[in-house]
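Undergrad: missing the sequence, but the structure's below:
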C-alpha cells in the first residue's frame, strides 16, 4: 500500500536507489502525476503518455532531490511541461466528463475550460483541483505569483461568464471528478513496481559493464606499457 506521507529521509534513501525506497517515493507521487496529466491534458490517452514519460524521467532524477518538497515540485512542474508539449493534440474522451447524462451546464463549463490557454487551465486546475495556494501554484508552473494570479483571474473571469450561477456548482462537481483521476491502487502499484524493477536492473547491469570495461582498459594500458618498455630495452 502506498505511504500516506513522504519524508526527507525517504527521498534521500531513494537517491541511493534502494528499490523499496524508490518504489515508496514513486508510489506516493504517482496519483498526483495522474491527476495533473489527465486533468490538464483533457485526455486519458494523452494523460497516460504523459504519466509514463514523467515517471520514467523521475527515476533518473532521484539523486538530485534532497527533500520531499523538491520531489513534489519536480513532479508538478515536469507533468505540466509534458502537458504543454502535447497541448492541442486530439486525445479523445475528456476524463472530466464521467457520464453521458452530465448536466448541460457542467459540460459547457468543461468545454469552456478546454478552450482556455493552457497556462490559464493549469492555474485553474491547480487551484480548484489540487487545492494549491498561490505560492505553490506559481512554483508548480515555474512563474511568478503575479503571473500565476493573472492566469487564474483570466480563467475564472471567462468561466464565470460562461457558467453564470452554475459556476460554483460546476467547480464543486469538477473537483470531485478531478480528485478521482487516477488508476486503481492495484493497477498503479503494479506499474510502478515494473518500472522501478526494470530501471534498477538496467542500472545494475550498466555498473557491471562499466566495471568490466574499466578493468579491460586497465589491463590493456598495462600491456601496452609493458610492450613499450620491452621495445625501449632493445
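TA: Ah, there it is. What you see is a predicted model, and the numbers here were worked out from it, not measured in a lab.

Undergrad: tell me how this protein divides into domains.
TA: 1-91+183-209, 96-181 (automatic domain parsing).

Undergrad: what's the average pLDDT for the first one?
TA: Which is domain 1-91+183-209. Mean pLDDT, computed over domain 1-91+183-209, is 85.

Undergrad: and it, how far out from the chain middle?
TA: Centroid separation for domain 1-91+183-209 versus its chain: 6 Å, with C-alpha atoms, centre = their mean, to the nearest Å.

Undergrad: which elements pack onto the helix or strand hosting residue 21?
TA: For residue 21, the host element (DSSP states H and E) is helix 19-41. For helix 19-41, the packing partners by 3 or more C-beta pairs under 8 Å, 6 or more residues apart in numbering; DSSP states H and E come out as helix 8-15, helix 44-58, helix 68-86, helix 118-128, helix 167-179, helix 185-233. C-betas here are computed from N, CA, C, even on glycine.

Undergrad: next, the buried residues of it.
TA: For helix 19-41, a neighbour-count test (16 or more other C-beta atoms under 10 Å) marks 21-41 as buried.

Undergrad: how about stretch 130-139?
TA: Residues of stretch 130-139 classed as buried: 130, 132, 136-139 (neighbour count, 16+ other C-beta under 10 Å).

Undergrad: now do it: distance to the chain's middle.
TA: 16 Å.

Undergrad: first vs last residue of that stretch, how far apart are they?
TA: This stretch, stretch 130-139, spans 13 Å end to end (C-alpha to C-alpha, to the nearest Å).

Undergrad: grab the nearest non-local neighbour of residue 135.
TA: residue 145 (6.1 Å; C-beta to C-beta, 6 or more residues apart in numbering).

Undergrad: pretty sure the one you found sits against residue 136.
TA: No - the pair residue 145 / residue 136 is not scored as a contact, 9.9 Å apart, by C-beta atoms under 8 Å.

Undergrad: ok, back up a step: deepest-packed of the helices and strands packed on helix 19-41, please.
TA: Among those, ranked by average contacts under mean count of other C-beta atoms under 10 Å, first place goes to helix 118-128 (a mean of 23).

Undergrad: residue 144: how many residues sit nearby?
TA: 10 (other C-beta atoms under 10 Å).

Undergrad: any idea of the pLDDT on it?
TA: 96.

Undergrad: mind checking how far the closest residue to it other than its chain neighbours is from residue 108?
TA: Among residues not flanking residue 144 along the chain, residue 138 sits closest, at 6.1 Å (C-beta to C-beta, 6+ apart). Residue 138 sits 29 Å away from residue 108, taking C-beta to C-beta, to the nearest Å as the criterion.

Undergrad: same check on residue 156?
TA: Residue 156 is 16 Å from residue 108, by C-beta to C-beta.

Undergrad: now do the contacts for residue 83.
TA: Contact analysis of residue 83 by C-beta atoms under 8 Å, 6 or more residues apart in numbering lists 36-37, 40-41, 50, 118, 122.
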